[in-house]
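Colleague: coords please:
(one chain, ligands or ions: 1)
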Amino acid sequence: MYDLIVIGGGPAGLTATIYALRKRLNVLLITKDLGGKTNFRLQLPEIEHHLVINGEEVISQFVNEIEYLDFARVMDKVEKVDRTHDGYRVSTRSEKEYSARTVIFASGANAQRLNVPGEKEYMMRGLCYSAVSYAPLFIDREVVVIGDTGLALRASAELSRIARKVTQVAPTHGELDTPLGQRLLQSPNFTVMEGFHAERVLGDDYARTLIVKKGPDVRELHAAAFFVELDLIPNSGAVSALVECDSKGRIKIDARNRTTAPGLFAAGDVTDAFAEQVLIAIGEGAKAALAAYEYLLEQPAEHPVVHGERPY
Ligand SMILES: Cc1cc2nc3c(=O)[nH]c(=O)nc-3n(C[C@H](O)[C@H](O)[C@H](O)COP(=O)(O)OP(=O)(O)OC[C@H]3O[C@@H](n4cnc5c(N)ncnc54)[C@H](O)[C@@H]3O)c2cc1C
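Modeller: Residues are numbered from 1 along each chain as shown. As a prediction, this is how the structure comes out:
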């Protein structure tokens with residue numbers, strides 16, 4: 001039985017694993033990949049180097065370490081986590097089962113896709129899924145934001161501070177009546193195309209044009225980048241029967257990354273913690289590992305934390 005199983009090898013899960021190894025916990029990382037969403041990088045014409053934090057570089061050190069420590073990782077998909085009398089049982093797609101006294105769930109969240117022709121070709125080539133990461137690149141440019149939730153409004157608000165023109169393609173009225181929506185509507189460089197849907201992405205090496213449609217009204221929008229800002233879908237399914245989630249399916253955690261299930265911690269984009277960013281996920285992963293460690297220290301003497309079992 002492990003002291004700790006970490007599920008998910010993105011910034012949150014990798015950091016939690018490394019931190020737990022440093023604490024000499026008997027830890028296993030189970031993940032579908034190493035690096036998570038830091039494996040995506042936005043490419044833009046005429047912008048070779050940019051100032052956003054390059055998540056891949058920050059996290060690649062941890063990936064190297066985990067690749068070397070092959071005893072501490074299993075590449076597999078977790079299907080289910082169940083409660084047992086002394087901890088948790090983790091079942092995977094390849095029909096393996098692993099037991100641990102504690103679990104850190106760090107499976108991230110997926111960006112919703114537009115599912116229109118051209119999206120696959122131009123994904124991360126001018127078609128971007130994280131305005132909070134890339135908005136600062138668009139000084140004095142024209143950009144398009146697609147979406148009608150609070151996420152899209154926040155993207156438009158951030159972009160409208162620096163871009164020359166922001167056009168929001170909003171299928172519904174959405175949250176435009178909120179204070180943020182009302183403030184945006186007063187911005188001289190902001191236009192909303194209410195009732196329009198994205199139909200197709202066109203371009204050359206990069207996305208250059210978005211075709212949008214409202215009934216018979218079909219228009220072409222040209223921009224330096226197109227931000228798909230639809231709500232993220234948290235990968236919380238494997239534990240959703242065990243823990244409390246918010247209305248968006250994100251796992252509710254407290255300041256110590258505790259979920260409502262004792263010994264089950266969560267970190268990163270799968271949780272309701274503020275903001276989806278690499279540095280935040282790293283901090284949340286470290287916090288979760290420390291919280292799990294302290295939880296183990298408090299367990300009765302028949303389940304002591306075993307130090308130094310690993311050749312690390
Ligand atoms: C396109 C894009 C670009 C971005 N660019 C930036 C940027 O430049 N700077 C920045 O700070 N942030 C950026 N972000 C946000 C940042 O990538 C995320 O906030 C961060 O990666 C979250 O880390 P995480 O560990 O919580 O989740 P993720 O990075 O999503 O990692 C989740 C991990 O869990 C694994 N997993 C999922 N389900 C299972 C399962 N059932 N079983 C086993 N493993 C599972 C996945 O394979 C993955 O390894 C970007 C996001 C996107 C979508």
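
Colleague: what does the stretch 201-312 of the chain put close to the ligand?
Modeller: Contact residues, the stretch 201-312 of the chain versus the ligand (Cβ under 6 Å from any ligand atom): Asn235, Ala238, Gly268, Asp269, Glu276, Gln277, Val278, Leu279, Ala281. From N, CA and C alone the C-beta is placed, and that goes for glycine too.

Colleague: now, which of those sits nearest Ala109?
Modeller: Closest approach between those and Ala109, by Cβ to Cβ: Asp269, at 4.1 Å.

Colleague: check contacts around the closest one.
Modeller: Gly10, Ala12, Lys37, Gly108, Ala109, Leu232, Pro234, Glu276, Ala281 (Cβ atoms under 8 Å, 6 or more residues apart in numbering).

Colleague: gap between the closest residue to the ligand within the stretch 101-250 of the chain and Pro234?
Modeller: The stretch 101-250 of the chain approaches the ligand most closely through Gly108 (2.2 Å), counting by Cβ to the nearest ligand atom. To Pro234, Gly108 is 8 Å away according to Cβ to Cβ, to the nearest Å.

Colleague: which residues do the two both contact?
Modeller: Asp269, Val270.

Colleague: picking that back up, so which pair among the contacts of Asp269 is furthest apart in space?
Modeller: Farthest pair in the contacts of Asp269, by Cβ to Cβ: Ala12 and Leu232, 14.0 Å.

Colleague: with just CA atoms, put the helix-or-strand element of the chain with minimal mean pLDDT into PDB.
Modeller: Using mean pLDDT, DSSP states H and E, the weakest-scoring helix or strand in the chain turns out to be helix 55-68, at a mean of 82. Only the C-alpha atoms of helix 55-68 are listed here, as PDB (Å, rounded to 0.1, in the frame of the first residue of the first chain):
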ATOM      1  CA  GLY A  55       5.000  26.500 -18.700                       C
ATOM      2  CA  GLU A  56       6.900  23.800 -20.600                       C
ATOM      3  CA  GLU A  57      10.300  25.200 -19.400                       C
ATOM      4  CA  VAL A  58       9.200  25.600 -15.900                       C
ATOM      5  CA  ILE A  59       7.800  22.000 -15.700                       C
ATOM      6  CA  SER A  60      10.400  20.200 -17.900                       C
ATOM      7  CA  GLN A  61      12.800  19.800 -15.000                       C
ATOM      8  CA  PHE A  62      10.100  17.900 -13.100                       C
ATOM      9  CA  VAL A  63       9.300  15.800 -16.100                       C
ATOM     10  CA  ASN A  64      13.000  14.800 -16.400                       C
ATOM     11  CA  GLU A  65      13.100  13.800 -12.800                       C
ATOM     12  CA  ILE A  66      10.000  11.700 -13.000                       C
ATOM     13  CA  GLU A  67      11.100  10.100 -16.200                       C
ATOM     14  CA  TYR A  68      14.300   9.000 -14.400                       C
END
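
Colleague: gap between that helix and the chain center?
Modeller: 17 Å (Cα atoms, centre = their mean, to the nearest Å).

Colleague: do the same with stretch 144-158
Modeller: For stretch 144-158 - counting by Cα atoms, centre = their mean - the centre lies 17 Å from the chain centre.

Colleague: ends of it, what's the gap?
Modeller: For stretch 144-158, the first-to-last residue distance is 12 Å (Cα to Cα, to the nearest Å).

Colleague: try stretch 84-95
Modeller: 18 Å.

Colleague: anything in it near the ligand?
Modeller: No: for a cut-off given as Cβ under 6 Å from any ligand atom, stretch 84-95 has no contacts with the ligand; the smallest distance is 7.4 Å.

Colleague: stretch 156-175 too?
Modeller: No: counting by Cβ under 6 Å from any ligand atom, no contacts exist between stretch 156-175 and the ligand, the nearest distance being 13.8 Å.

Colleague: is stretch 14-34 positioned near the ligand?
Modeller: Yes: using Cβ under 6 Å from any ligand atom, stretch 14-34 comes into contact with the ligand via Ile30, Thr31, Lys32, Asp33.

Colleague: any of those residues buried? List them.
Modeller: For the residues of stretch 14-34 next to the ligand, a neighbour count by 16 or more other Cβ atoms under 10 Å gives the buried set as Ile30, Thr31, Lys32.
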